[in-house]
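Visitor: When you get a sec, could you give me coordinates for this:
(one chain, ligands or ions: 5)
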Amino acid sequence: MPDNLRALVRNAVSITGGVIVTVSAVLFFVVFFIDFLGLHTNPYMGIVFFLVIPAVFILGLLLIPIGIFIERRRIARGLTSHLHWPAIDLNKPSHRRGAFIVFILTLVNVVVISLAAYKGVEFMDSTTFCGEVCHTVMEPEYMAFQDGPHSRVTCVQCHIGPGAPFFVKSKLDGTRQVVAVLLNSYARPVPSPVHTLRPAREVCEQCHWPEKFHGDKVNVHREYGDDEKVTESITTMRVHVGGGSEKLGIATGIHWHMNNVDNEVRYIATDDKRQMMGYVSVTDHRTGAKREYYAEGVTEEQLKKNEPRTMDCMDCHNRPSHAFDPSPERAVDAAIATGEMPKLPFVRREAVAALKVNYPDQVSAQQDIATRLTSFYKGTGDYNTRRGEVDRAVAAAQRAYSRNVFPKMNVTWGTYPNNIGHTSSPGCFRCHDDRHKSKDGLVIKQDCDLCHDME
Ligand code: HEC
Ligand code: HEC
Ligand code: HEC
Ligand code: HEC
Ligand code: HEC
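Guide: Residues are numbered from 1 along each chain as shown. Ligands and ions are numbered 1, 2, ... in the order given. This next block holds a predicted model:
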């Protein structure tokens with residue numbers, strides 16, 4: 001460095017800039033190492049990574065020339081630098097003591113800051129952070145998550161995780177999302193499928209061992225009538241869950257699809273929600289035989305435009321953690337079946353009607369649902385004699401609403417279809433519709449007993 005430049009740098013502003021540059025560079029490497037060692041997985045750390053630290057770093061860098069500029073003008077005006085370095089002489093006991101205290105305090109500072117940073121990073125991996133910090137944006141998924149079968153699995157366990165490609169991708173995504181929230185420009189509803197979701201093999205199969213599925217599962221569906229007695233009708237079905245592998249016996253049943261080692265199903269969806277299947281292929285890896293099915297009227301161009309994908313758990317279990325009721329009828333049936341909603345006269349009809357109204361927001365929905373139901377039961381006289389049950393019915397209807405409809409996010413009944421089944425959305429019938437044909441005239445079958453027997 002030429003002498004005159006060295007003199008120019010020796011000013012308070014430039015030195016502050018230099019300190020900021022150094023500290024932010026050190027912090028960047030600390031955060032990088034926490035990440036690199038897999039000590040956390042949160043995508044929103046990307047804010048610290050790509051935005052905050054670099055911004056501070058650049059601020060520091062800018063301060064250096066600004067300081068030089070100011071200093072040069074001062075010198076030009078005949079002023080000399082006021083900055084005098086203190087002379088430290090470690091032979092003097094008082095200086096030694098001072099240096100020692102500064103050293104100890106710095107050490108304490110480093111420990112405190114590291115601990116705080118680590119705690120902060122840990123907090124960012126919690127479901128509380130993911131579900132509650134961007135409250136409005138994540139509310140639908142967080143509500144459904146809390147009473148879903150995976151409420152003890154953390155968001156990051158399914159959504160992100162270790163591995164270099166996902167590391168960078170999720171950091172970039174997280175940063176983009178934070179910017180979208182700050183600019184209020186995010187999509188409502190949040191779109192799915194989530195294209196950056198990790199493959200099922202690395203997520204679901206950590207806990208669910210695919211080769212161990214077998215046999216049937218008996219499911220009981222209860223529906224209720226709009227009549228005064230709220231008549232119950234029950235469908236009991238034996239669902240052929242199946243599974244297995246070549247080693248444990250031939251794979252059968254529904255989980256035959258996920259047996260990617262032996263059978264590989266690939267498809268090309270022609271819409272971005274993966275609801276329209278243009279092309280489906282099955283390869284039997286034991287024999288190498290491949291069969292290809294085409295949807296009616298699908299064009300060569302549609303197939304070229306869209307990515308092929310190998311079917312995995314998420315193509316059927318697309319709502320393992322965020323399942324919403326597809327309709328008010330289903331939500332009310334479920335509430336009556338569990339006993340949450342008492343069987344008052346016409347309660348099914350009245351609750352469904354109250355839930356079907358288009359409310360502008362949660363608060364007015366909650367008030368209106370209560371008014372509608374109580375005034376109905378005041379009319380029938382039940383309010384006087386069975387007040388407790390009316391209040392419980394109101395609470396159950398209100399909960400069904402707040403659990404499924406989120407006006408601020410444009411999420412309502414049926415916004416997020418569930419691909420298990422076929423009665424509320426195409427689900428299995430996206431392919432099993434008797435209309436996906438192979439060149440030799442075979443179809444993907446819709447025979448009812450392929451998947452379940454009714455009892
Ligand atoms: C058991 C695994 C699992 C857990 C735990 C989980 N998710 Fe999801 N999440 C998914 C799957 C699967 C999808 C849908 C992916 C698709 O359709 O491609 C999804 C989709 C989403 C979407 C996109 C919008 C939508 O509803 O499809 C958001 C937002 C989301 N999850 C947030 C969260 C939050 C917040 C948490 C924690 C409170 C969480 N997730 C926990 C598996 C999970
Ligand atoms: C960290 C472990 C873990 C991960 C990861 C995980 N699950 Fe689960 N899953 C469980 C446990 C535990 C249960 C049982 C919950 C119960 O019985 O209440 C369960 C239950 C289920 C069920 C049955 C739900 C029901 O209503 O009975 C399905 C289906 C399922 N998981 C699918 C998935 C899919 C698909 C993924 C990947 C997106 C996944 N799981 C990821 C632990 C996990
Ligand atoms: C072709 C669609 C499909 C695929 C692919 C699929 N499943 Fe399933 N799975 C189902 C159906 C349908 C059921 C029965 C649903 C029910 O409980 O009513 C089921 C049931 C389950 C259950 C509950 C089993 C029980 O006996 O309670 C678990 C756990 C599960 N699946 C996990 C997985 C995992 C993990 C994968 C990926 C390795 C996977 N599934 C792939 C359709 C599928
Ligand atoms: C992406 C397309 C696709 C979807 C979606 C799909 N399947 Fe399939 N499924 C297939 C194909 C292809 C076959 C094999 C047809 C053949 O024999 O060539 C098959 C075969 C089956 C079989 C017979 C397995 C055996 O033992 O041979 C069952 C059972 C089954 N599917 C159940 C389901 C269920 C339940 C769902 C919904 C949860 C579902 N499938 C969704 C494509 C699909
Ligand atoms: C490709 C597989 C498959 C085929 C083919 C199939 N189903 Fe289903 N069906 C399912 C699955 C999966 C469910 C959901 C299981 C559950 O939730 O218990 C279901 C659910 C049902 C339900 C209960 C609906 C509810 O949610 O209350 C009825 C009724 C039903 N199927 C009737 C039929 C009839 C009738 C046929 C023949 C035209 C048929 N299914 C063909 C897979 C299939």
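Visitor: For the stretch 251-400 of the chain, give me the ranges with low pLDDT.
Guide: Residue ranges of the stretch 251-400 of the chain with pLDDT under 70: 251, 258-261.
Visitor: near ligand 2, which residues of it?
Guide: Proximity of the stretch 251-400 of the chain to ligand 2 (Cβ under 6 Å from any ligand atom) is limited to residues 313-314, 317, 320. All C-beta atoms are positioned from the backbone trio N, CA, C, and that covers glycine.
Visitor: List the ones among these that fall in helices.
Guide: If you go by DSSP state H, those have 313-314 in helices.
Visitor: and which of the residues of the stretch 251-400 of the chain next to ligand 2 is nearest to ligand 4?
Guide: Ranked by distance to ligand 4 (Cβ to the nearest ligand atom), these are led by H317 at 8.4 Å.
Visitor: who are the neighbours in contact with that closest one?
Guide: 204, 419-420 (Cβ atoms under 8 Å, 6 or more residues apart in numbering).
Visitor: what's the distance between it and N419?
Guide: 8 Å (Cβ to Cβ, to the nearest Å).
Visitor: I would like a PyMOL command selecting only the buried ones among the contacts of H317, please.
Guide: Of these, the buried ones can be selected in PyMOL as follows, counting by 16 or more other Cβ atoms under 10 Å:
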select buried, resi 204+419+420
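Visitor: Now do the SS call for the residue of the stretch 201-350 of the chain found nearest ligand 5.
Guide: Of the stretch 201-350 of the chain, the residue with the smallest distance to ligand 5, taken as Cβ to the nearest ligand atom, is N219 at 3.3 Å. Under DSSP: H, G, I helix; E, B strand; the rest coil, N219 falls in the strand class.
Visitor: And it, what's its pLDDT?
Guide: Per-residue confidence at N219 stands at 94 (pLDDT).
Visitor: Tally up the residues packed near the residue of the stretch 51-200 of the chain found nearest ligand 4, please.
Guide: In the stretch 51-200 of the chain, the residue that lies nearest ligand 4 is P193 (13.0 Å; Cβ to the nearest ligand atom). Residues lying near P193 (other Cβ atoms under 10 Å) number 14.
Visitor: Give me the phi and psi for it.
Guide: Here the main-chain torsion angles of P193 (degrees, to the nearest 10) amount to phi -70, psi 160.
Visitor: Can you get me a residue count around V347?
Guide: So V347, with other Cβ under 10 Å, has 27 neighbours.
Visitor: An error on my part: the question was meant for F36.
Guide: If we define neighbours as other Cβ under 10 Å, then F36 has 11 of them.
Visitor: any idea how far ligand 5 is from it?
Guide: Here the criterion is Cβ to the nearest ligand atom, to the nearest Å. By it, F36 lies 43 Å from ligand 5.
Visitor: what are the phi and psi values for the closest residue to ligand 2 within the stretch 251-400 of the chain?
Guide: Going by Cβ to the nearest ligand atom, ligand 2 is nearest to H317 of the stretch 251-400 of the chain, at 3.5 Å. Backbone geometry at H317, expressed as degrees, to the nearest 10, gives phi -90, psi 60.
Visitor: where exactly do the helices run in the stretch 201-350 of the chain?
Guide: 300-305, 313-316, 328-338, 347-356 (DSSP state H, counting those that start in this stretch).
Visitor: JSON lines for those helices, including distance to G60?
Guide: Shown next, in JSON lines, are these (distance: least, Cβ to Cβ, whole Å):
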{"stretch": "helix 300-305", "distance to G60": "48"}
{"stretch": "helix 313-316", "distance to G60": "44"}
{"stretch": "helix 328-338", "distance to G60": "55"}
{"stretch": "helix 347-356", "distance to G60": "56"}
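Visitor: wait, which of those is closest to ligand 1?
Guide: helix 313-316 (4.7 Å).
Visitor: List the contacts of that closest one.
Guide: 193, 197, 200, 204-205, 208, 254, 257-258, 267, 274, 309, 320, 419-420, 427-428.
Visitor: how about that helix, does it reach ligand 1?
Guide: Yes: against ligand 1, helix 313-316 shows contacts by Cβ under 6 Å from any ligand atom at M314.
Visitor: And the pLDDT at the spatially closest residue to H221 that is not a sequence neighbour?
Guide: Distance criterion Cβ to Cβ, 6 or more residues apart in numbering; nearest residue to H221, sequence neighbours excluded, is T235 at 4.4 Å. Looking at T235, its pLDDT reads 95.
Visitor: what sits against T235?
Guide: 220-221, 223, 454.
Visitor: so, if you compare these, which one comes nearest to G131?
Guide: H221 (30.0 Å; Cβ to Cβ).
Visitor: Would you confirm that the closest one contacts R330?
Guide: No: taking Cβ atoms under 8 Å as the definition, H221 is not a contact partner of R330, at 9.8 Å.
Visitor: With neighbour numbers in mind, choose between the two.
Guide: For H221 versus R330, the count of surrounding residues by other Cβ under 10 Å is larger for R330: 20 against 15.
Visitor: The residue nearest to that one when sequence neighbours are not counted: neighbour count?
Guide: Nearest residue to R330 in three dimensions, chain neighbours excluded: S424, at 6.9 Å (Cβ to Cβ, 6+ apart). S424: 16 surrounding residues under other Cβ under 10 Å.
Visitor: which ones are touching S424?
Guide: Here S424 is in contact with 326-327, 330, 414, 417-418 (Cβ under 8 Å, 6+ apart).
Visitor: For those residues, give me a markdown table that also has distance to V21.
Guide: Shown next, in a markdown table, are the contacts of S424 (distance: Cβ to Cβ, whole Å):
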| residue | distance to V21 |
| --- | --- |
| P326 | 56 |
| S327 | 59 |
| R330 | 59 |
| G414 | 53 |
| P417 | 51 |
| N418 | 52 |
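Visitor: H150: which element?
Guide: Assessed by DSSP states H and E, H150 sits outside every helix and strand.
Visitor: Now do it against ligand 2, distance only.
Guide: From H150 over to ligand 2 the distance is 5 Å, taken as Cβ to the nearest ligand atom.
Visitor: can you check I444 too?
Guide: From I444 to ligand 2 the distance is 22 Å (Cβ to the nearest ligand atom).
Visitor: Please apply the same query to L105.
Guide: From L105 to ligand 2 the distance is 43 Å (Cβ to the nearest ligand atom).
Visitor: Also H95?
Guide: From H95 to ligand 2 the distance is 58 Å (Cβ to the nearest ligand atom).
Visitor: does that residue really touch I88, like I thought?
Guide: Yes: assessed by Cβ under 8 Å, H95 is found in contact with I88 at 5.6 Å.
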